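Student: what's the 3D shape of this:
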Amino acid sequence: MARTRLPGPGGLTGPLATSERLPGRPSTLRDLVYRSHPRQRCDIMEGFELGRETYTLDVALAEATGLNTILVGANSRGYLTVPRGGIITAVSLTAEDTLAADNSNYITATLTNRTNVLGTGSTAVLAATDANTTKLTGGADITAKTRRSFTLSATTAALYVSEGDVLEFLAAVTGTLANAVTVPRVQVTIATLPRPFFPRIIRGAASNLPGVYVPGAVSNGEVLCAVSNGSNAQTAGFDCADLRSIVPSKGPIFQCRAKVSALAASQRVVLGLASDFTATLDSITYNAWFRLDGGLAVTIEGDDNSTDTDDKATSVTLTADTYYWFTINMADLTQISFWVDEQEVGIVSAALATNLLQPACYLQKGAVAGTPTLTVDEVRVTWNKV
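Tutor: Predicted coordinates for the structure are as follows:
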């Protein structure tokens, strides 16, 4: 859980604690002012302990003339468009009819990420094994009105999806099936970030898929932001989908617990508060954030669309793959205070005033090879409501 006492200029702390004793109770009950009196402060807090949100896309399969049937000798297919990035966790098919397994006359299922880049993507989401067929050996029947699950690729990066990706499911027929399979529908389940956070996934080529998702069964929960190998620019991170609500003049305190892998040239991470997202981080109009660029030396930045403080050095260099607390205290915009764990590492000034901000955690790489990662365990922002 996030700490409630936060460092800052002049010994500034976070939300005040309350203490009261109820009648008949021998001990006091402690709470926080912002919880006891929620109208006084706003709070965004997510520790990802409860896992991830999931949603399911559903599409009817059709053969060439548009008939919603897998015919005895013709392929059928369907297309799905991803509305929100994440990771595919399940693919299945249901239909009106049973099809018995057979080694000569069978269906092979594939799911291919064609992506939103010219429809030329070729990433195979399902494993290329007999488990995804209706073969008698290694495959399985289709049973009427029963879910038939398929085996996903063992390559995690093949399961990453981004908003706008187009997925093509193909039921390819080999030989002549014993019977047609009518009313076939495919379901694709995708795990994504819990709201209010929105995955920011930018790829530079159809074959290289960055990912932002909550891995299953991780102690305390966390978000993994990962890019794929290949010499192309990519972004993997999250924000609030530009639904900005944080008022800089209301004394916000940003805090996150995160770890970063080793970073090479043209690889960077930012953690903090920002205005609307753009893939060129230096073009984001308003911000106050930590920045790591080409290595793990911590710098701090602030931009109010007039005074732009870039790459202000600190004395801190992180250890790769080690968790740290990152805190930004904006109680005084002329002295925005940055802390790593319990150490104040620097101050910047930014006249942000009424420019609404959002939490922003981004991992980027330029047109270079490499697979750096950013893992975020918790994000919290609290500020005065009035």
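
Student: Quickly list the domain ranges of this structure.
Tutor: 42-51+195-384, 53-192 (automatic domain parsing).

Student: As CSV, these with mean pLDDT would be great.
Tutor: What follows is the domains of the chain, written out as CSV (pLDDT from 0 to 100):
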stretch, mean pLDDT
domain 42-51+195-384, 92
domain 53-192, 94
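
Student: Dump the ones you listed into a markdown table; add mean neighbour count as well.
Tutor: Placement of C-beta: from N, CA and C, glycine included. What follows is the domains of the chain, written out as a markdown table (neighbours: other Cβ atoms under 10 Å):
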| stretch | mean neighbour count |
| --- | --- |
| domain 42-51+195-384 | 19 |
| domain 53-192 | 18 |
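
Student: any idea where the helices of this protein begin and end?
Tutor: For the chain, helices defined by DSSP state H occupy the ranges 33-36.

Student: Is the residue nearest to Gln267 when sequence neighbours are not counted bridged to anything, and to what?
Tutor: Sequence neighbours aside, Lys365 is the residue nearest to Gln267 in space, at 4.5 Å (criterion: Cβ to Cβ, 6 or more residues apart in numbering). Listed by DSSP bridges, the beta-bridge partners for Lys365 are Gln234, Gln267.

Student: With Arg41 instead?
Tutor: Where Arg41 sits in a bridge, its partners, by DSSP bridges, are Asn384.

Student: wait, isn't it in contact with Lys385?
Tutor: Yes. Counting by Cβ atoms under 8 Å, Lys385 is a contact partner of Arg41 at 5.8 Å.

Student: distance of the spatially closest residue to Asp130 that is not a sequence neighbour from Val298?
Tutor: Closest residue in space to Asp130, ignoring its immediate chain neighbours: Gly138 at 3.1 Å, by Cβ to Cβ, 6+ apart. Distance from Gly138 to Val298, counting by Cβ to Cβ, to the nearest Å: 52 Å.

Student: what residues are up against Tyr323?
Tutor: Tyr323 makes contacts with 257-259, 377, as judged by Cβ atoms under 8 Å, 6 or more residues apart in numbering.

Student: who are the neighbours in contact with the residue nearest to Asp130?
Tutor: Under the criterion of Cβ under 8 Å, 6+ apart, the neighbours of Gly138 are 129-131.

Student: now it: how far from Pro199?
Tutor: On the measure of Cβ to Cβ, Gly138 and Pro199 end up 35 Å apart.

Student: Need the contacts of Tyr323 in JSON lines (columns: distance to Ala171).
Tutor: Compiled in JSON lines, the contacts of Tyr323 are given as follows (distance: Cβ to Cβ, whole Å):
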{"residue": "Arg257", "distance to Ala171": "45"}
{"residue": "Ala258", "distance to Ala171": "43"}
{"residue": "Lys259", "distance to Ala171": "43"}
{"residue": "Asp377", "distance to Ala171": "41"}
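
Student: which one of the residues you listed is nearest Ala62?
Tutor: Nearest to Ala62 out of these is Asp377 (Cβ to Cβ; 44.7 Å).

Student: so the residue nearest to that closest one when sequence neighbours are not counted bridges to which residues?
Tutor: Once flanking residues are discounted, Asp377 sits nearest to Arg257: 4.3 Å by Cβ to Cβ, 6+ apart. Beta-bridge partners recorded for Arg257 (DSSP bridges): Trp325, Glu378.

Student: was I right about Arg257 contacting Val376?
Tutor: Yes. Contact status for Arg257 versus Val376: in contact at 7.2 Å, counting by Cβ under 8 Å.

Student: anything in contact with each of these two?
Tutor: By Cβ under 8 Å, 6+ apart, no residue touches both Arg257 and Val376.

Student: show me what contacts the spatially most central residue of the chain?
Tutor: By Cα atoms, centre = their mean, the chain has its centre lying nearest to Val212, at 3.2 Å. Val212 makes contact with 85-86, 193, 199-201, 223-226, 236-238, according to Cβ under 8 Å, 6+ apart.

Student: repeat that with 7 Å
Tutor: Shown in contact with Val212 (Cβ atoms under 7 Å, 6 or more residues apart in numbering): 85, 193, 199, 201, 223, 225, 236-238.

Student: List the ones among those residues that fall in strands.
Tutor: 199, 201, 223, 225, 236-238 (DSSP state E).

Student: who's in contact with the closest residue to Val340 other than its chain neighbours?
Tutor: Nearest residue to Val340, sequence neighbours excluded (Cβ to Cβ, 6+ apart): Val316, at 5.1 Å. For Val316, the contact set (Cβ under 7 Å, 6+ apart) comprises 298, 340, 343, 345.

Student: Verify the stated contact: the second one with Tyr324.
Tutor: Yes. Under the criterion of Cβ atoms under 7 Å, Val340 is in contact with Tyr324, at a separation of 5.6 Å.

Student: rewinding a little: how about the contacts of Val316 in CSV, adding distance to Asn68?
Tutor: Shown next, in CSV, are the contacts of Val316 (distance: Cβ to Cβ, whole Å):
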residue, distance to Asn68
Val298, 57
Val340, 58
Gln343, 63
Val345, 61
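
Student: what's the most distant pair in the residues you listed?
Tutor: Spatial extent of the contacts of Val316 (Cβ to Cβ) is set by the pair Val298 and Gln343 at 10.2 Å.

Student: and the gap between Thr319 and Val298?
Tutor: 12 Å.

Student: do the same with Cys256
Tutor: 14 Å.

Student: Over to Ala367?
Tutor: 25 Å.

Student: What of Asp276?
Tutor: 25 Å.

Student: repeat for Thr155
Tutor: Distance, Thr155 to Val298, using Cβ to Cβ: 33 Å.

Student: Ala353 too?
Tutor: From Ala353 to Val298 the distance is 26 Å (Cβ to Cβ).

Student: Thr375 now?
Tutor: 17 Å.

Student: I'd say Ala264 and Gly370 touch.
Tutor: Yes. Between Ala264 and Gly370 there is a contact under Cβ under 7 Å: 5.5 Å.
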